[in-house]
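Peer 1: Whatever this is, show me its structure:
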Amino acid sequence: MVSILDILIPEIVIIINILYGTFLPLIFSKLAVVNNFKPNLSSSFHIFSILMCILALAFAYNTISTNSFFGFSYYINALIYIAKLLILIFAIITLSLSFFHATKPYEVVLIMLGGILGALFMTSGGDYLIIYLGLELLSISTYILLASDTTNRRSINASIKYTLLSLLSSSFILLGISLIYGYYGTTSLYIPYYFNFDTNGYSTLFYLAHFFIFIGFSFKLGLFPFHSWVPDIYEGAPIYSVAYITLIPKTAYISFIISLITQYQYFTFSQFFSTICIFSIVYSSIAALNQTSFLRVLGYSSINNMGICILPLVIGDSISILACFFYLFIYLLLNTIIFAIITIVKIPTIYDINRILKYPFIAFAFTLTIFSLAGVPPLAGFFGKFFILTSLFAQELYFFGAIVLIFSAISAFFYVRLIANLFFNLPVLFDSTTTAQFNFTLIYFFTFINLFFPLFLNFFYNDANLNLIDSVINN
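Peer 2: A predicted model of the protein is given here:
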């Protein structure tokens, strides 16, 4: 029998890490006064935090079960298990990428840990109050990280824009939660268990409340028409902050949406999400065509990929949910490669991509990554889009599948343009931004997975995983 302590061990490890980081400067300031001892706190705490996240990941990996605590206020199942593993894996990567690049590394790591803790709480939360607490922990850490480079005016402007719009989206979410509590007298996510009715028993107010909640999370995910902050953040914020906002929060937000799907069978909300996903795919594919800033292109690519990732969730069956998680993992993997490359080679515009040619293997890795984002077989991105289309066509959603196919072809144009600029422009002399060996190792490892993804396909997409998801939906 799994206890609440077993479920909470990853969160407890992160909390201990945060407390250690909070009191560490106080401890060593005393030592510095008494013994004239001045250690490098930033590096030691950074390494300690990475090791603690690895420990949290090890504990999380060994706690797969289906259980709830405190009257469904805190919950674990197969889907939450997958989301937690993704959050912790890419938390380790994000902390590692920020090692040599943060202007204030100690503070940045401490803030990131707070966001990681919020993501874990939000993922396992079975009550809207816990979910909102995790959401605000995640959001506040993001506000600060985006403005952490105080010497960069664009970073400050991007942070202010994101903060104001994010507060507006949080107010929509809070309004939806308030309506649910006002009508049902509970903030539990699992209303059917309390009131014992199916989807036909929900009131108009229930749907209105979730409409507001979905508007808020559409902004958080950067979906059209709540996307205006995305290109500005990608272009203006420090690269470690962009990596953080790409790799950590989106996993938590998608996990929450999937939790709603498994509880409410979601079909009533399918029109809303299908509409904004389709418009996100169409708009981002067209808007990216006239961009010259490389990071803004990545921003529009993010909008496009989030639209594709969430689109199959309008179905709500095990195949579509697994396809969503599968696509999300591939998207995070490919973006990790790109962020690792950017930490080595600064690429202001798409015409500066040929700077990568200084490192032949990195140029090779970048080419494979871009082709994978475009969906070229047999790379990982192809299989991600293939299973998205499979889930859509299996339910005879041919229009949605056609939109994904057509605009994937259009978006392939700006991906191929990046490759053209890499190989057909004269190389530019420059100084690399880092020589961190870990960044090169990360690129080598993830490029291997990208190139030989068919070898790992059965590990991710198999009948056992489908049966696990079916068990969550049916229970």
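
Peer 1: Against residue 306, how distant is the most centrally placed residue in the chain?
Peer 2: By Cα atoms, centre = their mean, the chain has its centre lying nearest to residue 250, at 3.0 Å. As judged by Cβ to Cβ, to the nearest Å, residue 250 and residue 306 stand 7 Å apart. C-beta coordinates here come from the backbone N, C-alpha and C atoms, glycine included.

Peer 1: same thing with residue 159?
Peer 2: Residue 159 is 21 Å from residue 306, by Cβ to Cβ.

Peer 1: More neighbours: which of those two?
Peer 2: Per other Cβ atoms under 10 Å, whichever of residue 159 and residue 306 has more neighbours is residue 306, with 28 against 24.

Peer 1: which ones are touching the more buried one?
Peer 2: Contacts for residue 306 (Cβ atoms under 8 Å, 6 or more residues apart in numbering) come out as 221-223, 250, 280.

Peer 1: That one: what's its closest spatial neighbour, skipping adjacent residues?
Peer 2: Among residues not flanking residue 306 along the chain, residue 221 sits closest, at 5.1 Å (Cβ to Cβ, 6 or more residues apart in numbering).

Peer 1: likewise residue 450?
Peer 2: Per Cβ to Cβ, 6+ apart, closest to residue 450 is residue 380, 4.8 Å.

Peer 1: Now the two most distant members of the contacts of residue 306.
Peer 2: 250 and 280 (13.3 Å; Cβ to Cβ).

Peer 1: about what we covered before: mutual contacts of residue 250 and residue 306, please.
Peer 2: residue 221.

Peer 1: still on that earlier bit, I'd guess the residue nearest to the centre of the chain is in a strand, am I close?
Peer 2: No: per DSSP: H, G, I helix; E, B strand; the rest coil, residue 250 lies outside any strand segment and is helix.

Peer 1: ok, now which ones touch it?
Peer 2: With Cβ under 8 Å, 6+ apart, residue 250 has these contacts: 221, 306, 328.

Peer 1: And the pLDDT at the second one?
Peer 2: Spelled out, it's residue 306. Looking at residue 306, its pLDDT is 90.

Peer 1: what does residue 218 give?
Peer 2: Looking at residue 218, its pLDDT is 87.

Peer 1: got the contact list for the one helix or strand it maps to?
Peer 2: If you go by DSSP states H and E, residue 218 is part of helix 204-221. Here helix 204-221 makes contact (Cβ under 8 Å, 6+ apart) with 139, 165-166, 168-173, 175-177, 179-180, 183-184, 191, 226, 249-250, 253-254, 256-257, 260, 264, 268-269, 272-273, 276, 306, 310.

Peer 1: 6 Å instead?
Peer 2: Residues from elsewhere that reach helix 204-221 (Cβ atoms under 6 Å, 6 or more residues apart in numbering): 169, 172-173, 175-176, 179-180, 183, 226, 253, 276, 306.

Peer 1: Now, the residues you listed that are in helices?
Peer 2: 169, 172-173, 175-176, 179-180, 183, 253, 276, 306 (DSSP state H).

Peer 1: List just the nearest of those residues to residue 14.
Peer 2: Nearest member of these to residue 14, counting by Cβ to Cβ, is residue 253, at 18.7 Å.

Peer 1: Please name the residues that touch the closest one.
Peer 2: Per Cβ under 6 Å, 6+ apart, neighbours of residue 253: 217, 220-221.

Peer 1: Out of those, which end up buried?
Peer 2: 217, 220-221 (16 or more other Cβ atoms under 10 Å).

Peer 1: Closest to residue 17 out of these?
Peer 2: residue 220 (24.8 Å).

Peer 1: What distance do you get for the closest one to residue 142?
Peer 2: For residue 220 relative to residue 142 (Cβ to Cβ), the value is 10 Å.

Peer 1: before we move on, what about residue 117?
Peer 2: For residue 117 relative to residue 142 (Cβ to Cβ), the value is 13 Å.

Peer 1: out of the contacts of helix 204-221, who has the most neighbours?
Peer 2: residue 306 (28 neighbours).

Peer 1: residue ranges with poor pLDDT in this structure?
Peer 2: Along the chain, the model assigns pLDDT under 70 to residues 1-6, 26-40, 63-72, 100-103, 191-202, 264-269, 425-438, 461-475.

Peer 1: Run a quick neighbour tally on residue 446.
Peer 2: Residue 446, neighbours per other Cβ under 10 Å, totals 23.

Peer 1: Hmm, I typed the wrong one, I wanted residue 341.
Peer 2: The burial count for residue 341: 22, using other Cβ under 10 Å.

Peer 1: Residue 138 touches residue 118, doesn't it?
Peer 2: Yes: under the criterion of Cβ atoms under 6 Å, residue 138 makes contact with residue 118 at 3.8 Å.

Peer 1: Tell me which residues touch the residue nearest to residue 392 when sequence neighbours are not counted, please.
Peer 2: Excluding the flanking residues, the one nearest residue 392 by Cβ to Cβ, 6+ apart is residue 401, at 4.3 Å. Going by Cβ under 6 Å, 6+ apart, residue 401 touches 389, 392-393.

Peer 1: List buried residues within the residues you listed.
Peer 2: Buried, going by 16+ other Cβ under 10 Å: 389, 392, out of these.

Peer 1: Among the contacts of residue 401, which one sits closest to residue 97?
Peer 2: Closest to residue 97, out of all of the contacts of residue 401 and judged by Cβ to Cβ, is residue 389, at 31.6 Å.

Peer 1: secondary structure element for that closest one?
Peer 2: Per DSSP H and E: helix 380-394 holds residue 389.

Peer 1: tell me what that helix is packed against?
Peer 2: Secondary-structure packing of helix 380-394 (3 or more Cβ pairs under 6 Å, 6 or more residues apart in numbering; DSSP states H and E): helix 318-344, helix 360-374, helix 398-424.

Peer 1: Now do the first one against helix 360-374, angle only.
Peer 2: The directions of helix 318-344 and helix 360-374 differ by 150 degrees, with axes from the mean of the first three to the mean of the last three Cα atoms, to 10 degrees as the criterion.

Peer 1: Return the distance of residue 277 relative to residue 312.
Peer 2: If you go by Cβ to Cβ, the gap between residue 277 and residue 312 works out to 9 Å.

Peer 1: Who has more neighbours out of those two?
Peer 2: Per other Cβ under 10 Å, whichever of residue 277 and residue 312 has more neighbours is residue 312, with 30 against 26.

Peer 1: How much space separates residue 169 from residue 286?
Peer 2: In terms of Cβ to Cβ, residue 169 sits 24 Å off from residue 286.

Peer 1: Kindly report the same for residue 159.
Peer 2: 28 Å.

Peer 1: could you redo the contacts of residue 306 as a markdown table and give each row distance to residue 59?
Peer 2: Shown next, in a markdown table, are the contacts of residue 306 (distance: Cβ to Cβ, whole Å):
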| residue | distance to residue 59 |
| --- | --- |
| 221 | 28 |
| 222 | 31 |
| 223 | 33 |
| 250 | 23 |
| 280 | 36 |
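
Peer 1: Please identify which of those is nearest to residue 77.
Peer 2: Looking across the contacts of residue 306 and measuring by Cβ to Cβ, the closest to residue 77 is residue 250, at 20.1 Å.
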